[in-house]
Structures are given as structure tokens and as C-alpha cells.
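> Dropping the sequence and predicted coords here.
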Protein chains: 2
Amino acid sequence: MKLPVSTEWLLHCATSLAQLETGGTASAAQLAQYFDLPAAYLAKQLQALVKAGVLAATTGPRGGFRLARPASEITLLHIVEAVDGASSPYECREIRKQGRGALPAEECRTPCLIAAKMADAHEAWRRNLAATTLAGIVAELPPSAPPRTRQRLTGAAGATGVSGAAGAAGAS
Amino acid sequence: MKLPVSTEWLLHCATSLAQLETGGTASAAQLAQYFDLPAAYLAKQLQALVKAGVLAATTGPRGGFRLARPASEITLLHIVEAVDGASSPYECREIRKQGRGALPAEECRTPCLIAAKMADAHEAWRRNLAATTLAGIVAELPPSAPPRTRQRLTGAAGATGVSGAAGAAGAS
């Protein structure tokens, strides 16, 4: 079982956006340049995060992507499931109901015991990812990281594309 | 991310073998008939469990597959990883090291924080699967299930293919 390669891209893009000043945006081109990724394909993938309510896309000359809600309310699970969906990697095709060993219908009213155990494990994975927020990740970065991310991603230590004035005022 | 379809097959085959008398065997053909699965492909998949030390293959007129160790020492994780390998579904290609945002080498001596979080989640999944043994699953089945499984899988309620004598003596 493999998650799409773009999972890494989007986790890193969202973590980078979480380091901008509140409301700050970065364009798909800026994010692509920041991580040396194919811009058109990345732009398409970022739309999956918009659709999932993780990012918001803004238009206009300084338009781009920003977090759609506070970084403390966005978990790794939100991002991973935006990319890959929420279904369990284990597929139960109910082989218990077929062949010489087919179980009687009355024993199949509850979910297959094996499928239930596999679902438990998937829930353990989901719970773990849901316990880590983007804010939590940013808090674990070295203090020098967010200003550097802002500078390299949007071109100014404090400016985050909100507006020229806010950018100048936001320099920390 | 998806586990192979054969994951369901092998989990069910191993659970069925765990219901035979100790040392009892079933052939690939018997298991295929029991679950109405393609025999040749199933036989090939069962070899993955032999290679992983979960099953042992015996030869001779009553040859077949049996558990290689007690059902209390075989976990769902052993079976799932025999089928699909043990690597995490998340692939870190170290995009933190590339592009305009490339981190300096000294900040890359420890694993990428995001990759570490994804590895944590994979470990939570593995721990969950490692906590369920085949013996535990059999213990949760209705008491009528194991004798029925033995009868339908190997043709006799107590006989499990060890030998004619052991089969007769093993009837419960």
C-alpha cells in the first residue's frame, strides 16, 4: 500500500503556508519554486486541499493559497485524506459468504471479524494523524525556520502577500 | 492506498487453518474450494506465508499447509506484512532538501519532522495489528464455527489430514 507521492508535497506546502503571517498567501508558482516541484501538477493537487476545506484560494494580483482555518484546527489526517480519500486500505469482499465454507446468512449480520480488526487498525492510524496539527508541527521547528520560510516563499521576511502595507508592517 | 486483494484471502486462510486440530493441514485446493478462490493463484499467495514463517508446507499424499507456529504466536501483522511488505505507505523523498526552500545540511541530520509523524502513524497501525493473534480471533468465533470449519475444509469434523489414525482420534 502506498500513498500518492503528492502526499509529501501537500503536507510540506500546508506546513509552509502555516508559517506565513495570518492570512498570508503563496501562489502555486511560489510553492513549486520553493520545493522545486512541477508547478502545473502541484496547482492541481493544491485544489484537492481547497476542496477539502484545508486551503482557501484567493484571486487577484496577490492571489494564491492560504490556510482556510487556523493551523491549530488542521491536522495531518485532513491533508492525507484530502489527497487519498478516507477509505481503509483493507478491502473486504466478503469471501466468508462464498464457496464450500460459506457462512449462513444469520452469521453475517455483523461485520466480518477480520474486517473489523483491520478497520480497528485503520482507526488507530487515523487517530494518530488526527492528533497532530499544523500548529503543532510549526511549534516543533527551530525558531529560525518560520522567518526564513516566509522570506524564501514569498520574498520578504514579514510580507506574506496580504497587501503591500500589511507586508511591510508585518516584518518581525 | 490499498492492500492487495489477496490480503483478505490469506487472513481468512490462516484463520481457517488455526481452527484445525494441532498439526492439521489443508491443501491449496481445499482452501480454494472452501472460499471459492482461484486455486493456482491462491497457492502462489500461500507461499508468501510459508516464506514469512507463518505457514509450513508439508508434502506427501496428505500434504498441505499448516500453521508454522502456535496460533497464539501469529498476529495479523505477520500475515499482512507477508503479503504487502513492512514499509510505510508514506514515501519521503526529502523535498525539504530541494528548491528555493532547501534546508541547510545541518538541519537535515535528523529525519524530516513530517516523515517522522507519518512513521508514528504507521507504527500505531502496526502495533494495533500486532495485538491481535489468530488464537484471539478463533476465541471470538461462535463455538460451533471451528468444528464446522474442520468438516467443510478437510472433509471430517475431527480429521485434519495429519493421518487417518490421528484424524479419527481427533474427533471432538
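That came in fine, so what should we check first? Residues are numbered from 1 along each chain as shown, chains lettered A, B, ... in the order given.
> Quick one: residues contacting residue A:11.
Shown in contact with residue A:11 (C-beta atoms under 8 Å, 6 or more residues apart in numbering or on different chains): A:76, A:79, A:80, B:114, B:118. Yep, even glycine has a C-beta here, placed from its N, CA and C like the rest.
> residues contacting the last one?
Contact partners of residue B:118, counting by C-beta under 8 Å, 6+ apart, are A:11, A:76, A:129, B:88, B:90, B:92.
> Can you get me a residue count around residue A:109?
Residue A:109 has 6 neighbouring residues, counting by other C-beta atoms under 10 Å in any protein chain shown.
> One more: the one 10 residues further on?
Each residue near residue A:119 was counted by other C-beta under 10 Å, and the total is 15.
> any idea how far it is from chain B?
Taking C-beta to the nearest C-beta, to the nearest Å as the measure, residue A:119 falls 10 Å from chain B.
> The longest helix along chain A relative to helix B:113-130, how many degrees between them?
Across chain A, the longest stretch assigned as helix under DSSP state H is helix A:113-130. Orientation check (axes from the mean of the first three to the mean of the last three C-alpha atoms, to 10 degrees): helix A:113-130 against helix B:113-130 gives 150 degrees.
> Any buried residues in whatever helix or strand comes next after helix A:113-130, and which?
Following helix A:113-130 in sequence order, the next helix or strand is helix A:134-140 (DSSP states H and E). Under the neighbour-count criterion of 16 or more other C-beta atoms under 10 Å in any protein chain shown, helix A:134-140 has A:134, A:136, A:137, A:138 buried.
> Next, format these as a markdown table and append pLDDT.
What follows is those, written out as a markdown table (pLDDT from 0 to 100):
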| residue | pLDDT |
| --- | --- |
| A:134 | 98 |
| A:136 | 98 |
| A:137 | 97 |
| A:138 | 97 |
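> Closest one to chain B out of the residues you listed, please.
Proximity of the buried residues of helix A:134-140 to chain B (C-beta to the nearest C-beta) peaks at residue A:137, which lies at 6.0 Å.
> Looks like the closest one contacts residue B:116 (just checking).
No: in this structure, residue A:137 is not within contact of residue B:116 by C-beta atoms under 8 Å, at 10.0 Å.
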